[in-house]
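Novice: whatever this is, show me its structure:
(one chain, ligands or ions: 3)
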Amino acid sequence: MTETLWNDVDTYLTDLLVTPDPALATALAASEAAGLPAIAVSAPQGKMLHLFARMLGARRILEIGTLGGYSAIWMARALPSDGKLVTLEADPKHAEVARGNLARAGLGERTEVVVGKALDTLPGVDARRDAPFDLCFIDADKANIPGYFDASLAMTRRGGLIVVDNVIREGHILEPNHDDAVRGVRAFNEKVAREPRVTATAIQTVGAKGYDGFCMVLVMGEANG
Ligand code: SAH
Ligand code: DHB
Ligand code: MG
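Specialist: Ligands and ions are numbered 1, 2, ... in the order given. Take a look at the predicted model:
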């Protein structure tokens, strides 16, 4: 009942506020046809990431966790023609589906899908000088969020934003040893709380993705609150 209502409200908001983009619909259809799990951000969430990128005037975006490229399309749509989005994906099949979806969206030139476990590929991203990033979106295996945050922080410009998905986990975030994902998110939260170069908040969400939430971390580059 409640989740049906959350879904209906997301549909209502999407119909009103989210301009239909055939490339996004095609990307979801191709992802489903290829057997990828239906765990991409929702349409209103995708548009939120898109608006963040526009607010930041983003020219360089990093994503950790590509899946079929749905959130990547949303963010890359906010880039100027000489902008770049780098997205990291461990599963070669997901990466292949994402490359097809990004190409069909006309974003092939502006995007790069890097295959491999993100903790292994992140140092290479830095070396290729795609950094510094204006926006980082962390949305892969949750146990490694602390490591992804460290790498992202080192590559994000002052005034840039790091967004982390799935930080509430139906409220399980309050149970310290619920599972590896909760342990990862809690270790990340504690790291953010101790880190003087950033200021952050987290927002609980309901909708088509159930009860979860995002953490938003503003990179100040120096300790000044
Ligand atoms: N951001 C996507 C959803 C990502 S789902 C969207 O909203 O459209 C999480 C993705 O992270 C999956 O595709 C999974 O294969 C990938 N992943 C899991 N572990 C990873 C790792 N160690 N390194 C990189 N990607 C990983
Ligand atoms: C899962 C991963 C996600 O990033 C998400 O937003 C929802 C679910 C998952 O692995 O189940
Ligand atoms: Mg997610």
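Novice: so residue 119 belongs to a strand, correct?
Specialist: No - Residue 119: not assigned to a strand; according to DSSP: H, G, I helix; E, B strand; the rest coil it is helix.
Novice: these two touch, right, it and residue 144?
Specialist: Yes - between residue 119 and residue 144 there is a contact under CB atoms under 8 Å: 6.0 Å. Using the backbone N, CA and C atoms, a C-beta is placed for each residue, glycine as well.
Novice: between the two, which one's more packed in?
Specialist: Between residue 119 and residue 144, counting by other CB atoms under 10 Å, residue 144 is the more crowded of the two (20 against 17).
Novice: what's next to stretch 36-50, contact-wise?
Specialist: Stretch 36-50 is contacted by residues 10, 13-14, 17-18, 24, 28, 31-32, 67-68, 70-71, 73-75, 77-78, 93-94, 97, 135, 137, 139, 163, 165, 205, 207-209, 214 when judged by CB atoms under 8 Å, 6 or more residues apart in numbering.
Novice: strands - which of those residues land there?
Specialist: 135, 137, 163, 165, 205, 214 (DSSP state E).
Novice: which of those residues sit farthest apart?
Specialist: 135 and 205 (18.6 Å; CB to CB).
Novice: who's more crowded, these two?
Specialist: residue 135 (28 against 20).
Novice: quick check: beta-bridge partners of that one?
Specialist: Beta-bridge pairing for residue 135 (DSSP bridges): residue 61, residue 161.
Novice: roughly how far apart are the closest residue to ligand 3 within the chain and ligand 1?
Specialist: Closest residue of the chain to ligand 3, CB to the ion: residue 165 (3.6 Å). Separation of residue 165 from ligand 1 (CB to the nearest ligand atom, to the nearest Å) stands at 7 Å.
Novice: so what sits opposite that residue in the bridge?
Specialist: residue 214.
Novice: show me what contacts it?
Specialist: Contacts of residue 165 by CB under 8 Å, 6+ apart are 41, 65, 137-139, 212, 214.
Novice: please redo it, this time with the cut-off set to 10 Å
Specialist: By CB atoms under 10 Å, 6 or more residues apart in numbering, residue 165 lies in contact with 39, 41, 45, 49, 64-65, 71, 137-140, 142, 145, 205, 209, 212-215.
Novice: any of the residues you listed buried? List them.
Specialist: 41, 45, 49, 64-65, 71, 137-140, 142, 145, 205, 209, 212-215 (16 or more other CB atoms under 10 Å).
Novice: now, which of those residues lie close to ligand 1?
Specialist: 41, 65, 71, 139-140 (CB under 6 Å from any ligand atom).
Novice: so how far is stretch 175-195 off the chain centroid?
Specialist: 18 Å (CA atoms, centre = their mean, to the nearest Å).
Novice: with stretch 81-95 instead?
Specialist: That offset, for stretch 81-95, works out to 12 Å (CA atoms, centre = their mean).
Novice: oh, and call the first residue 691 from now on, that's how I've got it
Specialist: Let's use 691 as the start, then, which means that last one is stretch 771-785.
Novice: contacts (any at all) between ligand 1 and that stretch?
Specialist: Yes - contact of stretch 771-785 with ligand 1 (CB under 6 Å from any ligand atom) involves 778-781, 784.
Novice: these in strands, which ones?
Specialist: Within the residues of stretch 771-785 next to ligand 1, residues falling in strands by DSSP E are 778-779.
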